[in-house]
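Peer 1: Model the following, please.
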Amino acid sequence: MKPKVTEAPPPSGHSIYGTTYADENFKLKHLGSGWVSMANAGPDTNGSQFFILAAKAPWLDGKHVVFGKILDGMSVVHTIELQDTNDRNLPYTECVVVNSGQIPVKEPFFVVEVEGW
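Peer 2: You can find the predicted model right below:
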């Protein structure tokens with residue numbers, strides 16, 4: 001069974017806040033594919049690692065801070081998700097995302113959970 005998250009490990013493990021920092025809030029939920037969330041080793045241990053959901057993951061709510069949403073390019077995430085992996089869920093082929101960025105949002109948007117999505 002394929003994992004439902006795609007992790008992005010950094011080369012250094014450091015962020016602009018230092019090696020670890022506190023959880024910001026848990027207002028956003030892991031509602032489905034495309035949400036970006038902090039990886040951690042427990043409460044208040046956020047660093048520079050994150051993961052991208054490939055499916056809804058409510059068991060992560062209250063444990064991992066959701067901080068973003070992929071607005072364009074989910075085909076890249078799904079391509080990574082479909083890679084053959086070894087017994088440790090590591091892909092046989094190195095997957096590297098290049099030329100990524102931030103898309104400015106002209107107006108704020110609201111997140112509403114809809115049953116069945």
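
Peer 1: From here on, just use CA atoms for contacts and neighbour counts.
Peer 2: Will do.

Peer 1: now do the same end-to-end measure for stretch 67-75.
Peer 2: Start-to-end span of stretch 67-75 (Cα to Cα, to the nearest Å) is 20 Å.

Peer 1: who's in contact with that stretch?
Peer 2: L28, G34, W35, V36, S37, M38, I103 (Cα atoms under 8 Å, 6 or more residues apart in numbering).

Peer 1: As JSON lines, the residues you listed with pLDDT would be great.
Peer 2: Rendered in JSON lines, the data for the contacts of stretch 67-75 read as follows (pLDDT from 0 to 100):
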{"residue": "L28", "pLDDT": "93"}
{"residue": "G34", "pLDDT": "93"}
{"residue": "W35", "pLDDT": "94"}
{"residue": "V36", "pLDDT": "94"}
{"residue": "S37", "pLDDT": "95"}
{"residue": "M38", "pLDDT": "94"}
{"residue": "I103", "pLDDT": "80"}
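
Peer 1: Which among these count as buried?
Peer 2: L28, G34, W35, V36, S37, M38 (16 or more other Cα atoms under 10 Å).

Peer 1: contacting residues for the first one?
Peer 2: For L28, the contacting residues are V65, V66, F67, V111, taking Cα under 8 Å, 6+ apart as the criterion.

Peer 1: can you list those in TSV and add secondary structure and neighbour count?
Peer 2: Shown next, in TSV, are these (DSSP: H, G, I helix; E, B strand; the rest coil; neighbours: other Cα atoms under 10 Å):
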residue	secondary structure	neighbour count
V65	coil	25
V66	strand	25
F67	strand	16
V111	coil	8
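
Peer 1: which one among the residues you listed gets closest to A54?
Peer 2: Closest approach to A54 among the contacts of L28 (Cα to Cα): V66, at 13.7 Å.

Peer 1: you'd agree that closest one is up against A39?
Peer 2: No. With contact defined as Cα atoms under 8 Å, V66 does not reach A39; the gap is 9.7 Å.

Peer 1: quick revisit: from the contacts of stretch 67-75, which land in strands?
Peer 2: Among those, DSSP state E puts W35, V36, S37, M38 in strands.

Peer 1: Distance to Q83 added to the residues you listed, as CSV?
Peer 2: Shown next, in CSV, are the ones in strands among the contacts of stretch 67-75 (distance: Cα to Cα, whole Å):
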residue, distance to Q83
W35, 20
V36, 20
S37, 21
M38, 22
